[in-house]
Structure formats: structure tokens, C-alpha cells
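K.L.:
structure, please.
(one chain, ligands or ions: 1)
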Amino acid sequence: MTRKVKELENLAQIQQDALRALADVVDIEALEAWRVTHLGRSSAVMAVFSSMGGMDKELRPLMGKEANEVRQALEAALEEKRQALEAVALKQALETEKLDITLPGRPVARGRLHPLTQVLRHINQIFSDMGFQVFPSPEVETDDYNFTYLNMPPYHPARDMWDTFYTKKEGILLRTHTSPGQIHLMRARAPEPIRAILPGATMRYEQLSTRSEIEFVQVEVLVIGKQVSFAEMKGTLDDFARCLFGDDARTRLRPSHFPFTEPSAELDVGCFVCDGVGCPVCKETGWLEILGCGMVHPVVLEYGGYDPAIYSGFAAGMGVDRSTLMRYRIDDIRHFRNNDVRFLRQF
Ligand code: DAH
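P.N.:
Next up is the predicted model:
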């Protein structure tokens with residue numbers, strides 16, 4: 001009996017020691033070490049099991065039962081501790097890895113439309129509202145389309161005003177204006193009436209200055225029909241100028257000369273800077289030129305496939321860069337293609 005009591009006391013001690021050690025465990029790794037020490041193969045409880053072979057027969061069942069209870073108690077304590085530690089770890093993770101979803105996001109750098117694109121779209125919109133169609137046309141042209149079909153035969157001195165960049169291929173060049181698009185469109189449409197604009201890039205061999213670039217954007221206007229008049233041209237272009245520059249914009253039509261129109265004119269708007277008094281921007285004239293225009297020359301109509309005895313038409317060509325300069329009072333045309341965001345951000 002004393003022996004039995006001693007063995008049982010021993011077991012109770014084992015349990016007590018193990019539980020005391022468990023109280024000091026503070027993390028999962030230490031818990032695993034505890035498990036190996038107190039429940040592993042060479043732990044004290046397990047030693048009790050393996051020592052049972054040498055015990056008294058009547059003692060064995062009781063010892064076995066008691067040892068089992070101790071082991072189960074330790075296993076339950078282990079499980080409870082594991083859950084407690086995991087709960088603490090989770091709580092800590094939730095606190096330290098917290099996402100503040102109320103923080104504003106990092107701003108995405110947004111682009112914007114280039115001022116030339118904005119004005120070009122406005123121009124397209126104005127003409128669309130007046131019933132014009134918008135057409136693309138080639139930027140690389142033949143000498144014929146850029147000059148000959150526009151009533152400037154080879155060696156004609158008028159060609160000098162539109163000097164350009166030539167490719168190595170004979171007769172292939174970069175167009176100096178959108179006017180060749182007139183011929184493309186007429187040839188595609190004749191003898192149907194036309195009411196269209198042709199916007200696009202144009203190139204010229206020029207000395208760079210605050211007002212001239214080697215690349216710029218033009219919009220060509222073309223109307224062909226049986227009774228198209230100069231008065232219709234004037235009314236259309238006046239309306240257009242007021243839509244683009246505001247209801248109080250003043251306009252004037254000034255006689256001019258272009259080989260591809262007859263008669264020819266230029267449309268001026270009252271200078272925005274000095275309001276017509278005269279200043280350096282308008283070269284003291286009080287007026288700013290915005291486009292060239294005129295009645296399509298019979299030679300051009302013929303090249304386009306229209307009989308000039310039956311059809312007439314008007315055409316106009318405007319520089320979008322110049323209009324944009326005026327509209328935003330930009331002092332140097334070269335800003336447009338420098339790609340400097342400090343400039344571009346302002347529009
Ligand atoms: N193509 C001319 C230029 O670039 C502008 C122009 C003038 C176009 C008169 C026209 C026009 O259609 O009728 O200088």
C-alpha cells in the first residue's frame with residue numbers, strides 16, 4: 001500500500017511539474033518543446049507506462065488508469081494552451097498588420113488632352129454641328145496631289161511658298177497643307193455634293209520661330225455642289241469663327257491669292273490682345289489672320305472630277321496651332337511639341 005501511495009504521489013508530482021512548466025510557456029515554439037519534454041517518448045509520464053512491467057500485478061491496472069489520466073490531463077492542458085497562444089498571436093497580428101482602409105489611395109498620374117487636340121476637337125465639333133463630315137487624308141503625298149492638282153504645275157513659282165521635305169523616292173513628299181485631301185475626297189465622291197472637313201498634320205521646310213514650326217495641324221474645309229456661292233462661304237466661316245472665338249468675335253474677309261481658289265480671301269478676327277487698337281501680337285493691324293479660303297478653282301474641280309460648268313465650291317484651310325496660340329494667348333508655337341508637362345498641365 002505504501003508503495004502504491006508513493007507511485008501515485010510520483011504521478012501527481014509529474015503532473016504538477018508539467019503544469020507548472022506549462023504556465024511559463026509564452027509562445028508556440030516553447031509549447032512544442034514542452035510537449036516533447038512532458039508528453040514525448042522520454043517524458044516522465046511515458047516512463048511510468050514503460051516501468052509498469054515491473055510492477056505488482058494488482059497495482060498495474062490502477063497505475064495504468066492513473067497514468068492515463070495524467071497524460072490526458074496534460075494533453076488537455078496542452079491543447080488549451082495552444083488555443084490561448086494562437087488567440088494571442090492572432091490578436092497581435094490583427095493589431096500590427098492592420099490595414100487602414102480609410103487612408104486615401106496613392107493618386108494615379110492622369111494625362112490630359114493636348115491643347116491642340118482640344119482645339120481640333122472643338123473645330124471638328126463646330127463643323128459637325130453644321131452638317132460637315134470629317135475625313136482623314138494622307139500625310140505623305142505625291143508631288144501631283146500637293147501641287148499639280150492644286151493648280152501649281154511643275155516649276156510654278158507658287159510652289160516656293162510651300163517648300164517641304166522630300167523623300168528619296170522621286171515625287172513623294174510630306175504634304176505642306178491639307179489641301180491635297182480635297183482632291184482625294186473629290187475623286188472618291190464625284191459627282192456627289194461634298195460638305196466636309198479634313199483635319200491633319202502638315203509639314204513645312206521652315207525657319208523655326210515663335211510663330212512657325214516645321215510640323216503643324218491644319219483643317220481643310222471643302223464644300224462642292226451645284227449652287228455653292230461666295231456668300232455661303234462667308235456665312236459659314238463667320239459662324240465658325242464666332243463658335244470658336246466667342247459671339248463677340250469680329251471678322252473681316254480680306255482679298256488674297258491662292259493658286260487653288262478664285263477668288264481667294266483670308267479671314268481675320270479682331271485681335272484679342274488689343275481689341276483692334278493695334279499691338280505687337282497683331283503687328284499693329286488690329287487683326288489676326290485665321291484662315292485662307294476661296295471658291296475652288298475650275299482647274300482643281302476638273303482634277304477632282306467635277307465639271308466646273310455645272311459645279312462650284314468653296315474651300316478653306318486653317319492652322320490649328322495659330323488658333324490655339326490665340327485662344328490661350330500662348331507666346332511661342334514651339335511649346336506645343338516640347339512635351340514639357342509644366343506647359344501642358346495648364347490646359
Ligand atoms: N492650303 C493653304 C495653306 O496652307 C490654305 C488654304 C487657303 C486652303 C485657301 C484652302 C484655301 O482650301 O481655299 O496656306
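
K.L.:
tally of neighbours for residue 175?
P.N.:
25 (other C-beta atoms under 10 Å). For glycine as for every other residue, the C-beta is placed from the backbone atoms N, C-alpha and C.

K.L.:
likewise for residue 88?
P.N.:
13.

K.L.:
could you do the one 4 residues further on as well?
P.N.:
Counted with other C-beta under 10 Å, residues neighbouring residue 92 total 10.

K.L.:
likewise for the one 5 residues further on?
P.N.:
Residue 97 has 7 neighbours, counted by other C-beta under 10 Å.

K.L.:
now residue 177
P.N.:
Residue 177 has 25 neighbours, counted by other C-beta under 10 Å.

K.L.:
what residues does this structure put near the ligand?
P.N.:
For the chain, the residues in contact with the ligand (C-beta under 6 Å from any ligand atom) are 177, 179, 220, 258, 261, 292-294, 315-317.

K.L.:
can you pick the most crowded of those?
P.N.:
residue 179 (30 neighbours).

K.L.:
ok, now which ones touch the residue lying closest to that residue once chain neighbours are set aside?
P.N.:
Once flanking residues are discounted, residue 179 sits nearest to residue 150: 5.5 Å by C-beta to C-beta, 6 or more residues apart in numbering. Residues near residue 150 by C-beta atoms under 8 Å, 6 or more residues apart in numbering: 179-180, 182-183, 259-260, 300, 303.

K.L.:
if we use 6 Å, what do you get?
P.N.:
Contacts for residue 150 were tallied using C-beta atoms under 6 Å, 6 or more residues apart in numbering; they are 179, 260, 300.

K.L.:
need phi/psi at it.
P.N.:
Phi and psi for residue 150, reported as degrees, to the nearest 10, are phi -100, psi 30.

K.L.:
that one and residue 261, how far apart?
P.N.:
9 Å (C-beta to C-beta, to the nearest Å).

K.L.:
so how far is the ligand from the residue nearest to residue 163 when sequence neighbours are not counted?
P.N.:
Computed as C-beta to C-beta, 6+ apart, the closest residue to residue 163 that is not its neighbour in sequence is residue 205, at 4.4 Å. Distance of residue 205 to the ligand, given as C-beta to the nearest ligand atom, to the nearest Å: 13 Å.

K.L.:
okay, helices next: where are they in the stretch 51-200 of the chain?
P.N.:
60-96, 115-129, 143-146, 180-189 (DSSP state H, counting those that start in this stretch).

K.L.:
average pLDDT across the third one?
P.N.:
To tie it back to what came earlier, the one meant is helix 143-146. Mean pLDDT, helix 143-146: 98.

K.L.:
of the contacts of residue 150, closest to the ligand?
P.N.:
residue 179 (4.2 Å; C-beta to the nearest ligand atom).

K.L.:
ok, the closest one - contacts?
P.N.:
Counting by C-beta under 6 Å, 6+ apart, residue 179 touches 150, 220, 317.

K.L.:
again, 8 Å this time
P.N.:
Residue 179 neighbours (C-beta under 8 Å, 6+ apart): 146, 150, 220, 260, 315, 317.

K.L.:
equivalent analysis for residue 250, please.
P.N.:
269-270, 276.

K.L.:
cool, residue 34 as well?
P.N.:
Contact partners of residue 34, counting by C-beta under 8 Å, 6+ apart, are 18, 21-22, 25, 78.

K.L.:
nearest to the ligand among those?
P.N.:
Nearest to the ligand among the contacts of residue 34: residue 25, at 88.6 Å, using C-beta to the nearest ligand atom.

K.L.:
touching, the closest one and residue 31? I think so.
P.N.:
Yes. Judged on C-beta atoms under 8 Å, residue 25 makes contact with residue 31 at a distance of 5.1 Å.

K.L.:
with that, I have no additional questions.
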